[in-house]
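Undergrad: have a look; sequence and predicted model below, questions after that.
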Amino acid sequence: MPRLYALILSGGAGTRLWPRSRKAQPKQFLDLIGERTLLQDTVERIVETIPTERIFAVAPPEHRVLIHEQLPELRADHLVVEPYPRGNAAAIALAMAALQAFDPDAVVAVLPSDHVVEKRSKFRDVLLAATAAAEQGKLVTLGVEPRGPDTGFGYIEAGDRLELKAPVPVHAVKRFVEKPKRDAAEKMIAAGGHYWNAGMFVWRTGDIVAAYREHLPKTAKAIDALAESVGSPRYESVLADAWEETDRTTIDYGVLEKADNVAVVPADIGWHDVGSWTRLAEIVGRDNWSSDGHVAVAADGNYAWAPGKLVAFVGVDELVLVDTPDAILVTSKARSEEVKEVVDRLRREEREDLL
């Protein structure tokens, strides 16, 4: 493996996983799947490929303590703190400034901290292929093999295969498709060559900064100013000024959808986005499931998180139950995305104790 770095993205509130995911401890810091948290699992699956000294993270100030508690091996100066949210294009740019100052020739894998990857050896092969393409000047995105016509993801249409010596094929990107309607998703799945956009990327720092200069020049100017001040007493004051000038957008919309050197690696890696209780239930199993045991009578497809309690499902199907010390959630799987509306209402009612 070449000199590859990792940037772990650790922003986001995870409101669709309320009441377990809270402002003080959002989903990436929770043990939703096993004994490790999603953040710890993200690092665990890459450390054999990317040593700890080449791992960076970007996060808001309120996550600083949690990250150091859960990742004590992470160097303190490898945690890049974004002052306040401005979209992931700005967050990634901030980290690119730090990486550019640390190693101007770095190839970087950008990985969200709230994903599940079950096939780790295949994930390593995908990273190798993506790195090979990045070394040829490509901005590489990982395209997850779709398991069906899901309308909750954006899609990537693959074009011609690139001539690369890599363990997994790499293709030019023909187009990006925003979250489609059901019939459009079904047509893309039937046509083949379309992949879910998982929000995982690999590129050289110089190439992504050049793309910022072309497509998001205000953010590129901020990167240059920050890179010159990294490690100096001026950094915080430069950050305060530069951050306000960054473009408030996503890396996909702001850069990748406009660039002409984007590639995709089809990734059959057992990937899951833990974005709702329904998606989490799909990961742990499709039958009835409970954190500490259950009894089911004429019931099927239910999920319960109720530590220390036996849950009895009687005559109900496809429900989610989440029991925490100060709140209980009951929802159908079909409408679990609407949990976010509960959080919005609690915020309007200024119920900070429940957020």
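TA: It's in.
Undergrad: burial measure for Ala299, as a count.
TA: Here the count is done by other C-beta atoms under 10 Å, and Ala299 has 18 residues near it. For glycine as for every other residue, the C-beta is placed from the backbone atoms N, C-alpha and C.
Undergrad: nearest residue to it other than its sequence neighbours?
TA: Closest residue to Ala299 apart from its sequence neighbours, by C-beta to C-beta, 6 or more residues apart in numbering: Phe313 at 3.7 Å.
Undergrad: the one helix or strand the one you found maps to packs against which elements?
TA: In this structure, Phe313 sits in strand 311-314 according to DSSP states H and E. Packing contacts for strand 311-314, counted by 3 or more C-beta pairs under 8 Å, 6 or more residues apart in numbering; DSSP states H and E, involve strand 294-297.
Undergrad: please report the distance of Ala76 from Phe56.
TA: Distance, Ala76 to Phe56, by C-beta to C-beta, to the nearest Å: 11 Å.
Undergrad: ditto for Arg351
TA: With distances taken as C-beta to C-beta, Arg351 is found 35 Å from Phe56.
Undergrad: equivalent analysis for Arg234, please.
TA: Using C-beta to C-beta, one obtains 21 Å as the distance from Arg234 to Phe56.
Undergrad: more neighbours: which of those two?
TA: Phe56 (22 against 12).
Undergrad: in the sheet, who's paired with that one?
TA: Using DSSP bridges, the bridge partners assigned to Phe56 are Leu7.
Undergrad: now Ile328
TA: According to DSSP bridges, the residues that bridge with Ile328 are Asp323.
Undergrad: my read is that it contacts Val322, right?
TA: Yes - the pair Ile328 / Val322 is scored as a contact, 7.0 Å apart, by C-beta atoms under 8 Å.
Undergrad: give me the common contacts of the two.
TA: Common neighbours of Ile328 and Val322, counting by C-beta atoms under 8 Å, 6 or more residues apart in numbering, are Pro19.
Undergrad: looking at the two, which is more packed in?
TA: A count of neighbours by other C-beta under 10 Å puts Val322 above the other of Ile328 and Val322, at 23 against 11.
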